[in-house]
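Asks: would you be able to build a 3D model of this:
(one chain, ligands or ions: 1)
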Amino acid sequence: MSTAPIPVLELEHVGKSFGGTHALTDATIGVFAGEVHCLLGDNGAGKSTLIKVMSGIHQPTSGRVLIDGVETPLVSARFAQDRGIATVHQDVGMIPLMSVARNFFLGRELTRGRGPFRRIDMKRAREISLEHVRSMGIRRVHDADQMVGTLSGGERQALAIARAMYFGAKVLILDEPTSALGVKEASIVLKQIEVARSRGLGVVFITHNASHALAIGDRFTVLIQGRVAAAWTRGERSRNDVLDLMAGGEVVDDLFEKVTGEAAS
Ligand SMILES: Nc1ncnc2c1ncn2[C@@H]1O[C@H](COP(=O)(O)OP(=O)(O)OP(=O)(O)O)[C@@H](O)[C@H]1O
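Replies: Predicted coordinates:
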């Protein structure tokens with residue numbers, strides 16, 4: 001008997017209000033290992049709120065969070081991180097005037113020696129960071145002493161993704177990683193997402209870009225005004241349907257119906 005896979009991270013009927021603002025209402029979304037879940041929606045739709053709930057920054061007002069099928073309230077960002085939930089924000093949180101190696105281990109420095117003889121182990125930090133960045137297909141970085149400020153936007157994203165994976169991420173939440181990038185740079189990031197997926201991570205990919213979502217997504221959720229307006233898996237909707245939905249086509253049709261009382265053609 002085959003059993004349905006259990007999401008590595010799931011929000012079940014989650015609501016989040018700020019005073020009188022309902023940023024999220026009854027949102028259910030599952031992230032599966034080895035899959036990319038695209039989270040789509042207009043400005044103010046609730047995407048940031050949803051990923052803040054997933055990463056332990058916001059506690060939901062209602063509903064539950066489950067990890068591997070077990071209810072696990074994410075009481076803080078640190079708690080979520082310790083359970084393998086890593087979030088990479090658009091600015092990726094790197095310090096441009098620090099090296100690749102220093103950024104890779106920032107806040108989690110490798111040390112050697114004990115007591116007063118304890119020192120940061122830069123040699124190992126260089127070796128490990130270079131190996132992991134290059135394993136993500138970023139071949140232009142030859143020297144872990146290279147300043148992060150000299151890397152392109154896509155390469156910085158790759159470094160942040162490599163770092164999250166090295167530190168044991170099971171779920172990788174990428175907050176609009178391609179939005180500020182050109183086509184070539186965006187394709188570097190899409191390749192990193194593919195690498196993360198092939199290594200078994202569950203990826204949450206937030207994007208406004210329909211072609212980026214269609215290129216990589218296994219599951220899709222559209223948020224409108226804090227509610228899940230549509231959810232489907234790859235192949236369930238045609239490309240045109242998806243483009244229409246992302247462009248707000250269904251919303252426009254719905255509005256048209258409400259205003260005119262006629263079904264949109
Ligand atoms: N800390 C907060 N306090 C009050 N209202 C908030 C807070 N955070 C979000 N909101 C409100 O919740 C709603 C959803 O916002 P959210 O930032 O989650 O949307 P979003 O889809 O991420 O938008 P964007 O793409 O513009 O970032 C908005 O109406 C927003 O004003």
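Asks: where does pLDDT dip in the stretch 151-265 of the chain?
Replies: 246-265 (pLDDT under 70).
Asks: got the phi/psi numbers for Asn103?
Replies: phi -70, psi -40 (degrees, to the nearest 10).
Asks: I'd say it and Glu109 touch.
Replies: No - using CB atoms under 8 Å, Asn103 is not in contact with Glu109; the gap is 11.3 Å. For every residue, glycine as well, the C-beta is placed using N, CA and C.
Asks: neighbour-wise, which of those two wins?
Replies: Neighbour count, other CB atoms under 10 Å: between Asn103 and Glu109, Asn103 has more, with 23 against 12.
Asks: quick one: buried residues of the longest helix along the chain?
Replies: Longest helix of the chain, by residue count under DSSP state H: helix 183-198. Across helix 183-198, burial judged by 16 or more other CB atoms under 10 Å covers Glu185, Ala186, Ile188, Val189, Leu190, Lys191, Gln192, Ile193, Val195, Ala196, Arg197.
Asks: next: stretch 7-24.
Replies: Pro7, Val8, Leu9, Glu10, Leu11, Glu12, Val14, Gly15, Lys16, His22, Ala23, Leu24.
Asks: among those, which ones lie close to the ligand?
Replies: Ala23 (CB under 6 Å from any ligand atom).
Asks: and of the buried residues of stretch 7-24, the nearest to the ligand?
Replies: Ala23 (3.2 Å; CB to the nearest ligand atom).
Asks: part of a strand, is that closest one?
Replies: Yes - assessed by DSSP: H, G, I helix; E, B strand; the rest coil, Ala23 belongs to a strand.
Asks: contacting residues for it?
Replies: Lys16, Ser17, Gly46, Thr49, Gly226 (CB atoms under 8 Å, 6 or more residues apart in numbering).
Asks: and the helices in this structure, which stretches?
Replies: Under DSSP H, the chain gives helices at 47-54, 77-82, 100-104, 122-135, 153-166, 183-198, 210-216, 239-246, 249-260.
Asks: format those as a markdown table; extra columns: distance to the ligand.
Replies: Converted to a markdown table, those look like this (distance: least, CB to the nearest ligand atom, whole Å):
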| stretch | distance to the ligand |
| --- | --- |
| helix 47-54 | 3 |
| helix 77-82 | 15 |
| helix 100-104 | 25 |
| helix 122-135 | 29 |
| helix 153-166 | 18 |
| helix 183-198 | 17 |
| helix 210-216 | 14 |
| helix 239-246 | 13 |
| helix 249-260 | 14 |
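Asks: so which of those is nearest Glu35?
Replies: helix 183-198 (6.6 Å; CB to CB).
Asks: report the angle between the axes of the closest one and helix 153-166?
Replies: Angular relation of helix 183-198 and helix 153-166 on a 0 to 180 degree scale: 10 degrees, by axes from the mean of the first three to the mean of the last three CA atoms, to 10 degrees.
Asks: hmm, who's touching helix 183-198?
Replies: Contacts of helix 183-198 (CB under 8 Å, 6+ apart): 34-36, 135-138, 152-155, 157-158, 161-162, 165, 172, 174, 177-178, 181, 203, 205, 209, 212, 215-216, 218.
Asks: what angle do it and helix 122-135 make?
Replies: Going by the same axes, to 10 degrees, helix 183-198 makes 100 degrees with helix 122-135.
Asks: ok now helix 183-198, how far from the chain's centre?
Replies: Here helix 183-198 is found 12 Å from its chain centre; the criterion is CA atoms, centre = their mean, to the nearest Å.
Asks: try stretch 59-77
Replies: So, by CA atoms, centre = their mean, the centroid of stretch 59-77 is 17 Å from its chain's centroid.
Asks: and stretch 80-90, by the same measure?
Replies: With CA atoms, centre = their mean, you get 9 Å for stretch 80-90.
Asks: for the stretch 1-150 of the chain, what lies in contact range of the ligand?
Replies: Phe18, Thr21, Ala23, Gly41, Asn43, Gly44, Ala45, Gly46, Lys47, Ser48, Thr49.
Asks: for PyMOL, what selects the buried ones among these?
Replies: Restricted to buried positions by 16+ other CB under 10 Å, the PyMOL selection for those reads:
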select buried, resi 23+41+45+46+47+48+49
